[in-house]
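J.: Give me a 3D structure for the following:
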Amino acid sequence: MLLIVAIGYAQEPEKLDKESGYFQLGVRNAFSAFSDDGAYGFGYGGQYRIRVLSRLNTDWYMDYITTDISGIARRVDWHIGWSVLAYPFNYETTKGKVVPYILAGHCFDYTKVSKNKSDFYLDKFSSAVQAGLGAHYNVTDRMDISLTAQYMMHLGYDVKAEVFELDGQKDVLVTKQRNRGVEGHMLINMSLNVRLFDMWDQHSKRKNKSRQ
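T.: Residues are numbered from 1 along each chain as shown. Sure thing, here's the model as predicted:
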């Protein structure tokens, strides 16, 4: 459905002149690297953006990421959070433009690590702060592809999985530990985002109608 809407907007020739106040909806793929168990996670999610100023955007997202741990355990991560995107250079949404940005934010997360062929698992709820870099490529005036790399630093406890061999057989030790210092993982996202409407314009229309 999102792609159908995107194609419809991509065919619209009229250039939008406002750079703030618009609402975007998007889908994304996620790649989690440098996790404590030495494995890599893959997942997907969704997001929406509210651009409050020409050089300032907000990103509200949810990710679901799964990680296979040496074929003997599985890690599942849910992220629900937000980020602030600042555009220090170019900020235009014109077709063909590349718009770099820096970001920082916070998220709540749920993690569950379970052993395969077993009912044993450990889980935890916590939060994290993140910061990183990214860029939009404006496919049209209303649609962009975004690539973001950010480091997420988890607060409180984490669930760790350590793989070892015993009598020639692989096994995994799952423990819950309090984070010490800066611990976390690199999260890379690629997303497709569509500009749906201008909230400032919608607000002005409602205000004018109320006056009539």
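J.: Now do the strands in the chain.
T.: 22-33, 41-53, 56-69, 73-86, 98-115, 121-138, 143-155, 157-166, 169-178, 184-198 (DSSP state E).
J.: Buried residues, the first one. List them.
T.: Of the residues in strand 22-33, those buried under the neighbour-count criterion (16 or more other Cβ atoms under 10 Å) are 22, 24, 25, 26, 27, 28, 30, 32. All C-beta atoms are positioned from the backbone trio N, CA, C, and that covers glycine.
J.: can you check the fourth one too?
T.: By 16+ other Cβ under 10 Å, the buried positions in strand 73-86 come out as 73, 74, 75, 76, 77, 78, 79, 81, 83, 85.
J.: And residue 32, how close does it get to residue 151?
T.: 11 Å (Cβ to Cβ, to the nearest Å).
J.: so what's in contact with these two at the same time?
T.: Listed as contacting both residue 32 and residue 151 by Cβ atoms under 8 Å, 6 or more residues apart in numbering are 185, 186, 187.
J.: circling back: now tabulate the strands of the chain in JSON lines and tack on mean pLDDT and distance to residue 92.
T.: Supplementary listing: the strands of the chain in JSON lines, determined by pLDDT from 0 to 100; distance: least, Cβ to Cβ, whole Å:
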{"stretch": "strand 22-33", "mean pLDDT": "94", "distance to residue 92": "13"}
{"stretch": "strand 41-53", "mean pLDDT": "95", "distance to residue 92": "12"}
{"stretch": "strand 56-69", "mean pLDDT": "95", "distance to residue 92": "13"}
{"stretch": "strand 73-86", "mean pLDDT": "95", "distance to residue 92": "14"}
{"stretch": "strand 98-115", "mean pLDDT": "94", "distance to residue 92": "7"}
{"stretch": "strand 121-138", "mean pLDDT": "94", "distance to residue 92": "8"}
{"stretch": "strand 143-155", "mean pLDDT": "93", "distance to residue 92": "11"}
{"stretch": "strand 157-166", "mean pLDDT": "82", "distance to residue 92": "41"}
{"stretch": "strand 169-178", "mean pLDDT": "83", "distance to residue 92": "45"}
{"stretch": "strand 184-198", "mean pLDDT": "92", "distance to residue 92": "13"}
